[in-house]
Each structure stands twice: as C-alpha cells, then as structure tokens.
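**Student:** Requesting a structural model of the entry that follows:
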Amino acid sequence: MMALDDVVDTYCATWNTTDAGECARLLRVACTADCRYSDPLVHDLDRAALVAHIGMLLEKFPGSAIRRTSVIDSHPAGLRFGFVRLAADGGVMREGTDFCSLGEGGRLQRITGFFGPLVAL
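**Tutor:** Now for the predicted structure:
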C-alpha cells in the first residue's frame, strides 16, 4: 500500500500530465477502478472521463499546473487537502480543496473538489 502523501501527490500529478496514456496510468495508481470525481463544473466522472476532462483543461490553460498547498488532513472516513492551479507564468489561477474517501489499497475512491473563481488568465 502506498503512503497517503504518495497517493495524493500521484493524483495531483495527473492534473499536470498532457499525455492521456500517462494520465490514465497515474490515475490507475492513485485511484480505485470505481473511482468517481466531482467538482462545481462536472459531476460523477469515472477515470476515463476524468482523463478527458484533465486533457480539456490543459488544452484550455496550456502550461498550467496543479500543486498541493497543504498537509493532508485524514481520518478513517476520508481526507482533504488544499491545492492551487498555477498559470504558465506561475501566477495563481484558482485555489481549492479536495475531499476524498479511500477505497481498496488506500487509493482514492471518491474525490469531491471545491474551488473559487479564476483569478488570473
């Protein structure tokens, strides 16, 4: 079983990966087969749909990157962590928090993201 920091950091790395095959591989490492993702813009995406969603965002915001900005707060029912999307020039585009439940092997099973409005383009 991976350490919790490694699971979350691998998941965050998927949001920075422009190659769909590599993105899918990273999601298989960090997330369960039945993982679901939701945020204010999309609802109940499976892993394949999440790969497409990430690809669309990276096309829309080339050079942008997600960075974890907090420790991982966890307890038996789940975890949360803060993140930021940085523009290609390093400016903060958006801040947010993900809440997750864990499944098989300590991997992410349910991811619910919350974020504020875009602050830079």
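**Student:** What are the phi and psi values at residue 82?
**Tutor:** Main-chain torsions, residue 82, degrees, to the nearest 10: phi -90, psi 150.
**Student:** typo on my end, residue 40
**Tutor:** Phi and psi for residue 40, reported as degrees, to the nearest 10, are phi -60, psi -20.
**Student:** and the gap between it and residue 68?
**Tutor:** Going from residue 40 to residue 68 by CB to CB, to the nearest Å gives 19 Å. Every residue, glycine included, has its C-beta placed from N, CA and C.
**Student:** Looking at the two, which one has more neighbours?
**Tutor:** Neighbours were counted for residue 40 and for residue 68 using other CB atoms under 10 Å; residue 68 has more, 17 against 12.
**Student:** Residue 102: neighbour count?
**Tutor:** 18.
**Student:** The strand ranked longest in the chain - contacts with which helices or strands?
**Tutor:** Counting by DSSP state E, the longest strand found in the chain is strand 92-102. Helices and strands touching strand 92-102, by 3 or more CB pairs under 8 Å, 6 or more residues apart in numbering; DSSP states H and E, are strand 78-86, strand 108-115.
**Student:** Need those in a markdown table (columns: mean neighbour count).
**Tutor:** A markdown table is the format used below for those (neighbours: other CB atoms under 10 Å):
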| stretch | mean neighbour count |
| --- | --- |
| strand 78-86 | 18 |
| strand 108-115 | 18 |
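**Student:** on that earlier part again, what residues sit buried inside the longest strand of the chain?
**Tutor:** Within strand 92-102, the residues that count as buried by 16 or more other CB atoms under 10 Å are 93-94, 96-98, 100, 102.
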